[in-house]
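Enquirer: Based on what follows, work out the 3D shape:
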Amino acid sequence: MTLRAEQLGFQTLLLAEHFVNPISPELGQLDAWTTASALAAVTEKIEIIAAVKPGFRAPGIIAKMASNIDDISNGRFAINLVSAWWLPEFEMLGVETLPHDERYARSEEYLTIIRESWLQDEFSFDGEYFSVKDAKLWPKPVQQPHPPIYIGGESEQGRNFGARMADIFLINGRPVADTKDVIDDMRARAAHYERELRFGISAFVICRDSEAEALAEFERLYALRKNEIIGADKDVVMFKKVPYGQGDLGSNGGIHAGLVGTADQIAARMHEFEAVGVETFLLQFHPMVEEMERFADQVMPLIK
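Expert: Numbering: from 1, shown residues only. Presented below is the predicted three-dimensional model:
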């Protein structure tokens, strides 16, 4: 699928880090980081983003792996720091589960070690959750000053964390006006730290020759969805703002971005998002290959 996406002109992909499938635990789940390394070796243009959850792998190990994958890909690697909401994975693998706010404190230490290990020739850190001593990680990443860091979050803690440490802040799917509110808020928060952010959004795409056909396909897919994610942390603000199972489809509120309709309607909506500051669309399709090809054929010529 990645090779086909690259052929079609898609510019980035995100590999979620799950050790068990959160929708259907009986199904298989690829490991994000070994998959990212394999894809880095066989692709040429597309950016490869691997998500990472603090606690499962030491931050220094992730910094080292990221540097190596960035080298394999010739500077096409990025990370998505996820503070994590699916608690059964932590319990299954014996990783300490923390309350919502403490997970962000752990994430900040984790990402600090990763970033500073990329930037400094020798780095030490002693925090509440992690420590490193005289870390010397070579080779450094190809991308300078470091590979891009993607972060998302709906809560106050998540937004403040993103304002301090993200390069690209990811927004859950929502209408254009609501997206503008988030972008305005995040730009103000980042300015407090003398930083500038770029923005991406999650969006589920249903493209058909008519709006009626697209809406009918939405109803068909909606009837097939799982009703809930078992074991999700109920304190996660994402689930409070977009309750799973209430008109939702895909992940991270993607259907609420409104990319359902004809190619012209979808392209027009994407231009509206672009006008308020969105530059990256993390698009979801089902079935993946067929709908990805339809998007490339019908929508991409309208937005290039």
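Enquirer: Pull out the buried positions in the longest helix along the chain.
Expert: Longest helix in the chain by number of residues, with DSSP state H as the criterion: helix 100-119. By 16 or more other Cβ atoms under 10 Å, the buried positions in helix 100-119 come out as 100, 103-118. Just so you know, the C-beta spots here come from the backbone N, C-alpha and C atoms, and that holds for glycine as well.
Enquirer: Show me what it is packed up against.
Expert: Other helices and strands packing on helix 100-119, by 3 or more Cβ pairs under 8 Å, 6 or more residues apart in numbering; DSSP states H and E, are helix 59-72, strand 77-81, strand 123-126, strand 131-135, helix 156-165.
Enquirer: all helices of the stretch 101-250 of the chain, in order?
Expert: 156-165, 176-192, 211-224, 237-241 (DSSP state H, counting those that start in this stretch).
Enquirer: winner for burial among those helices?
Expert: helix 156-165 (a mean of 20; mean count of other Cβ atoms under 10 Å).
Enquirer: Now do that helix against helix 100-119, angle only.
Expert: When axes from the mean of the first three to the mean of the last three Cα atoms, to 10 degrees is applied, the directions of helix 156-165 and helix 100-119 differ by 10 degrees.
Enquirer: Make 50 the first number, not 1, from now on.
Expert: All right, first residue 50 from here; so that's helix 205-214.
Enquirer: Which strands or helices does helix 205-214 pack on?
Expert: Against helix 205-214 (3+ Cβ pairs under 8 Å, 6+ apart) you get helix 149-168, strand 198-201, helix 225-241.
Enquirer: Take those and write them to CSV, including distance to residue 214 and mean pLDDT.
Expert: CSV is the format used below for the helices and strands packed on helix 205-214 (distance: least, Cβ to Cβ, whole Å; pLDDT from 0 to 100):
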stretch, distance to residue 214, mean pLDDT
helix 149-168, 5, 95
strand 198-201, 6, 98
helix 225-241, 10, 98
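Enquirer: a markdown table please, covering the ones you listed and showing distance to residue 218.
Expert: Putting those into a markdown table (distance: least, Cβ to Cβ, whole Å) gives the following:
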| stretch | distance to residue 218 |
| --- | --- |
| helix 149-168 | 14 |
| strand 198-201 | 6 |
| helix 225-241 | 5 |
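Enquirer: got any ranges where this structure has weak pLDDT?
Expert: Applying pLDDT under 70 to the chain flags residues 275-296.
Enquirer: show me what contacts the residue lying closest to residue 212 once chain neighbours are set aside?
Expert: Once flanking residues are discounted, residue 212 sits nearest to residue 238: 3.6 Å by Cβ to Cβ, 6 or more residues apart in numbering. Counting by Cβ atoms under 8 Å, 6 or more residues apart in numbering, residue 238 makes contact with 208, 209, 211, 212.
Enquirer: and which of these is nearest to residue 227?
Expert: residue 208 (14.0 Å; Cβ to Cβ).
Enquirer: can you give me phi and psi for the residue nearest to the closest one when sequence neighbours are not counted?
Expert: Leaving aside its chain neighbours, residue 208 sits nearest to residue 202 (5.5 Å; criterion: Cβ to Cβ, 6+ apart). For residue 202, the backbone dihedrals (degrees, to the nearest 10) come out as phi 170, psi 140.
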